[in-house]
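> sequence? don't have it. structure:
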Ligand SMILES: [Ca+2]
């Protein structure tokens, strides 16, 4: 709007006409009008677990998210699957947490699991060294975050376990631990920090 028109109170509206923009008297205008709203792409909601995967559910007291994978995988593939989801193979740090994992497991009774062994799942612990060297520090079970099970907060084995039947960490439906073969596919549970993504 140029100065001449600004000072001319008779022409107090602007309209788009055939010749372009023009100044009109508002009081005389009865024109159609066009609205504009910018199309902003709304990002998908990441939810309480900061992930697009709705299978991750937050446990408010434990302040962690969990996802049960019923399709069986060997331990290394289960480890990678959780990592690809921004999570990790679940680590038990308390009795409360193992109770929650037991409850998750109970939602998948044996009849709906396809693994050969339906009463055990992989968790995020294993022997990282040579299991035959019994006094070697790495011949003990460590979580994938580098803690011994005692340090992590849960070290309750099933009767007779660990019996060195495998290097990888498992949990029975009872919540008790069992060492199992890494190459045998089992269902598994991923855990995710709600704030990480
Ligand atoms: Ca065992």
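Yep, it's here. All of these numbers come straight from a predicted model, not from anything done at the bench.
> so where is this protein shaky, pLDDT-wise?
Applying pLDDT under 70 to the chain flags the ranges 1-10, 40-44, 130-138.
> walk me through the domains of it.
Annotated domains of the chain cover 1-36, 57-192 [automatic domain parsing].
> any idea which of those is most buried?
domain 57-192 (a mean of 17; mean count of other Cβ atoms under 10 Å). Placement of C-beta: from N, CA and C, glycine included.
> the longest helix along the chain: what's the following helix or strand?
Longest helix of the chain, by residue count under DSSP state H: helix 95-106. Using DSSP states H and E, the helix or strand that follows helix 95-106 in sequence is strand 120-127.
> for that next one, packing partners?
Contact here means 3 or more Cβ pairs under 8 Å, 6 or more residues apart in numbering; DSSP states H and E; on that basis strand 120-127 packs against helix 75-84, strand 88-89, helix 95-106, strand 141-143, strand 168-172, strand 177-180, strand 186-192.
> among those, which comes closest to the ion?
Distance to the ion, taken as Cβ to the ion, is lowest for strand 177-180 among the helices and strands packed on strand 120-127, at 4.1 Å.
> remind me, longest strand of the chain?
Scanning the chain for the strand with the most residues, using DSSP state E, yields strand 64-73.
> hmm, who's touching that one?
48-49, 51, 53, 55-59, 78, 81, 85, 87, 90, 97, 100-101, 104-105, 107-108, 112-116, 121-122, 185-194 (Cβ atoms under 8 Å, 6 or more residues apart in numbering).
> name every strand pairing with it and say which way it goes.
Strand pairing for strand 64-73, determined by DSSP bridges: strand 57-59 (antiparallel), strand 186-192 (antiparallel).
> sorry, back to before: which one, of the helices and strands packed on strand 120-127, ends up nearest to residue 26?
The closest of the helices and strands packed on strand 120-127 to residue 26 is strand 186-192. By Cβ to Cβ, the value is 58.5 Å.
> tell me if the closest one is near the ion.
No - between strand 186-192 and the ion, judged by Cβ under 5 Å from the ion, nothing touches; the nearest distance is 12.2 Å.
> strand 168-172 and that strand, what's the angle between them?
Interaxial angle of strand 186-192 relative to strand 168-172 (axes from the mean of the first three to the mean of the last three Cα atoms, to 10 degrees): 100 degrees.
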